[in-house]
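Undergrad: Predicted model and sequence below, questions to follow.
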Amino acid sequence: MAKKQIKKEEEAIALDVQLTKAEAFIEKNLKKILCGIAVVVVVVVAGFAWNHYMSGKEAEAQKAIAKSQQAFTQQKYDQALNGDGAVSKGFLNIIKEYSGTKTANLAKLYAAICYAKTEKYDEAIQMFEDYSVKDDEMVSPAALAALGNCYIQKGDNQKGADMLLKAAKEADNDAISPICLLQAAEVYEAEGKNEEAVALYKQIKEKYFRNPLSAEMDKYIERATK
């Protein structure tokens, strides 16, 4: 049951990527795209009746992370990271104290987002890279996409685009892939690589036609071929 709880929390983070990225595209300002998975995570910490299914260390970590998750949902990112010196340990302390647990790994993902939201992109990149991605069709590609955004914010557009393309391929679904492809295409177009951009726009239109973004691809293609 612990695995199900942690997976549910990871998916709550990943699933909100579509709305956030769509808003970024509307803004049409690649340099100002908010790095990371800008999310509002609503985590309902259930009772701990299921703790006997968990190891003692994992159960402790689950209890410890709840206050940091609460600070995160309230957008108190520094407190979420470092704790409040009283009841909240903070994600960074949880990572150290409960190293090796699934909860500590989840704390790395939260910490990465906190750093990204506060524009500490070097620290965000390190945390995203330290986070052990699972073979999950939502969480793993979303984390890669967020990492790609961090590189873009740092000015490494090529590496950022590569990460976005990797995320799109790994996800291969209508929710995440079109968003990653669109962002990578806009990076290419901004750098004058219009042929590569058009190929990605066409891929969105033809392969991911169930996503509403596909209906907008003709105008992107027209813009890139002028």
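TA: Yes, it's here. Numbers count the residues shown, from 1 in each chain.

Undergrad: list the contacts for Asn105?
TA: The contact partners of Asn105, by CB atoms under 8 Å, 6 or more residues apart in numbering, come to Tyr131, Ser132. Every C-beta, even on glycine, is put in place using the N, C-alpha and C of the backbone.

Undergrad: Can you classify it by secondary structure?
TA: The three-state assignment at Asn105 reads helix, by DSSP: H, G, I helix; E, B strand; the rest coil.

Undergrad: Please, which helix or strand holds Ala175?
TA: If you go by DSSP states H and E, Ala175 is not part of any helix or strand.

Undergrad: just the one 4 residues further on next, same as before
TA: Mapping Ile179 onto the secondary structure by DSSP H and E places it in helix 177-190.

Undergrad: Would you tell me what the next helix or strand after that helix is?
TA: helix 194-207.

Undergrad: Select the helix or strand of this structure having the lowest average pLDDT value.
TA: Lowest on mean pLDDT, DSSP states H and E among the helices and strands of the chain sits helix 17-27, with a mean of 41.

Undergrad: quick one, helices of the chain?
TA: For the chain, the helices defined by DSSP state H occupy 2-15, 17-27, 56-73, 77-82, 91-97, 102-117, 121-130, 139-153, 157-171, 177-190, 194-207, 217-225.

Undergrad: chain center to the fourth one, what's the gap?
TA: What that stands for is helix 77-82. 18 Å (CA atoms, centre = their mean, to the nearest Å).
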